[in-house]
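Engineer: pasting the structure only:
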């Protein structure tokens, strides 16, 4: 088995989320929201919305803002937020709340992205399938490179370069894998010594992008392998 | 009966109110080809307008509990109006969504709206620069810009300053005042990401306006020594420094003694250095397949490829030098699974990439491919990504339109139309194409952030 600390395993919660989103009722709600924004409700777009809504809710479960009792309500809100965000600014990678911490852009603190792990435990078979999916449409070369390195380090910790930067003692050790993956794929400029606050923020953004991509690949993999969603660009 | 408050007149085309989950949505039009702009109020209320024409309301959203007391709804429709909308939504016919734990959702088919090309264009055509609803909608767009992490910090700071200054005189803007300090803190945090050469790029007029906005907003906010205040003073100094170098149009500058000089754009890229101490292992060049790279193209490795297993996990790849950006990928030859990927960087007459591979992979079990990434092709993109690109292109086109006029943005609108067409959204495609072909565009004054973004972009060309 490979993966991050089992204490971060959200598999059960994630499956409960996907069960709801892939149900007929969940599917109809996605179509309803797309139509309300005058967006085409093609099967491929519906699947994309399901994936993004699932990631949102699983993230909320991870940070404790959603409990199993809230799942139905959370699903409705998440789907709406994803669809609204398509034509609005929410896709730009940050909260639109002026009162918020702009967490996703890393403004809150340099090395403090909101989380430091993939959302779910990644076993060996999943890791292998994720590697196959890194060329999903829209993939970004540097993120793809970092994902592959991250998976390599998960599976073979002895592959981590000895000179890769190591986070300080006050940072979660799992963050070290993310750092190593960034460093090993050419993002050296993110690790100057000493490290200015602005670079630390940029590093936090890159780390978040990497984890987001891994989460997306895992959820897409689960949807395809467990629910048949997203296979050949649409629902079966 | 809806009160005749200022903003209620502005939102006279809002009419449909529905409840989704625990939220009350008051719906207007749908977003045009440049998408929408949104602001979330301190109490969670959402105010959304069309990005291209902020006078076109898209949606107001508040908690259904206490909706009749929502400051946002009351600001928009008055007290009676808020009460009316809340009552209307609750009494409207609806469908009930049943989740696995019971009934949780109320929906109404009244949300099924379509964009009307003629109505949309007619509204823009009839707009005047002084429309109060336009002024109100502008603060929503400014909030959007201030939070846009795609944008340069300098642009976001300018948008934040303009947002706070504009919010004082606009209905609805007063709702932001309780969080003014936090908005300023965000802008202050961005100042450390700004370099002097970016400020120096600005022309005198823009630098002066920028400096003035920062100093004004800092004076009324955090005091005289905030990072924003310092940045404002630096901008003013840069504007004054090179007065003799640029001839200014007097009517366009506040201070005819001020000018700016473009400076170079930074950019550092660490180079790869081959390890010359370890003997290289030469491997046969693998056949190249294109099927793995939908977003780019692979190409034959011309006549030179050298692989060097520096350590069990460190593979160094050298290939003949080319002029275009290229990447290397290592693939498990047994099942075609990608193992590693890295960019090629120049080193003397070759290009080199360092890759981390699983340490237990044998040399005979992998092959190397070289490919050229391309993000310009939209054919293989997922629908959500197509929509996002269409919106981003529309926003860029809207900015060019505001700064230089619609005629200068023709190619951007055409590209935006093409992306909407690829999604299958013919309505927005037609709207973008109509604007590209000279259709009416609302006379939106450029924002300060627009002019700064435009200056930074021009300096990079």
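Structural biologist: Cool, the structure landed. It should be emphasised that the depicted structure is a prediction, and the values quoted were computed from it without experimental measurement.
Engineer: distance-wise, check residue B:358 relative to residue B:383.
Structural biologist: Counting by CB to CB, to the nearest Å, the separation of residue B:358 from residue B:383 is 34 Å. In this view, the C-beta of every residue, glycine as well, is placed from N, C-alpha and C.
Engineer: looking at those two, which is more packed in?
Structural biologist: Of the pair residue B:358 and residue B:383, residue B:383 is the one with more neighbours under other CB atoms under 10 Å in any protein chain shown, namely 24 against 21.
Engineer: helix, strand or coil for the residue nearest to the more buried one when sequence neighbours are not counted?
Structural biologist: Counting by CB to CB, 6 or more residues apart in numbering or on different chains, residue A:45 is the residue found nearest to residue B:383 once chain neighbours are left out, at 3.9 Å. The three-state assignment at residue A:45 reads helix, by DSSP: H, G, I helix; E, B strand; the rest coil.
Engineer: wait, isn't residue A:45 in contact with residue B:384?
Structural biologist: Yes: if you go by CB atoms under 8 Å, residue A:45 and residue B:384 touch, sitting 6.7 Å apart.
Engineer: tell me, how many residues neighbour the residue nearest to residue B:383?
Structural biologist: For residue A:45, the neighbour count with other CB under 10 Å is 25.
Engineer: which ones are touching it?
Structural biologist: Neighbouring residues of residue A:45 by CB atoms under 8 Å, 6 or more residues apart in numbering or on different chains: A:34, A:39, B:383-384, B:387, B:423.
Engineer: any idea which of these has the most stuff around it?
Structural biologist: Busiest of those [other CB under 10 Å] is residue B:387, holding 28 neighbours.
Engineer: which stretch of helix or strand covers that residue?
Structural biologist: Counting by DSSP states H and E, the element that carries residue B:387 is helix B:383-404.
Engineer: quick one: end-to-end distance for stretch B:145-156.
Structural biologist: 6 Å (CA to CA, to the nearest Å).
Engineer: confidence score at residue B:307?
Structural biologist: Per-residue pLDDT puts residue B:307 at 88.
Engineer: err, residue B:409, not the other one
Structural biologist: For residue B:409, pLDDT reads 94.
Engineer: burial count for residue A:68?
Structural biologist: There are 12 residues near residue A:68, going by other CB under 10 Å.
Engineer: repeat that for residue B:349.
Structural biologist: Residue B:349: 9 neighbours (other CB under 10 Å).
Engineer: and if you look at the one 3 residues further on?
Structural biologist: The local packing of residue B:352 (other CB under 10 Å) involves 24 other residues.
Engineer: before we move on, what SS does it have?
Structural biologist: Going by three-state DSSP: residue B:352 is strand.
Engineer: now do the strands in chain A.
Structural biologist: In chain A, no strands are defined using DSSP state E.
Engineer: please name the nearest non-neighbouring residue to residue B:58.
Structural biologist: Distance criterion CB to CB, 6+ apart; nearest residue to residue B:58, sequence neighbours excluded, is residue B:48 at 4.2 Å.
Engineer: swap that for residue B:431, sorry
Structural biologist: Computed as CB to CB, 6+ apart, the closest residue to residue B:431 that is not its neighbour in sequence is residue B:33, at 4.9 Å.
Engineer: how about the one you found, what does it touch?
Structural biologist: Contact analysis of residue B:33 by CB under 8 Å, 6+ apart lists B:52, B:390, B:394, B:413, B:416-417, B:420, B:428-429, B:431-432, B:435.
Engineer: just curious, which of the residues you listed is nearest to chain A?
Structural biologist: residue B:428 (8.0 Å; CB to the nearest CB).
Engineer: output the below-cut-off pLDDT ranges for the chain.
Structural biologist: Because you didn't say which chain, this covers chain A. Applying pLDDT under 70 to chain A flags residues A:1-10, A:89-121, A:137-138, A:170-174, A:230-236.
Engineer: sorry, I should have been clearer: chain B.
Structural biologist: Low-confidence segments of chain B (pLDDT under 70): B:1-16, B:21, B:88-134, B:171-172, B:219-224, B:242-304, B:374-380, B:461.
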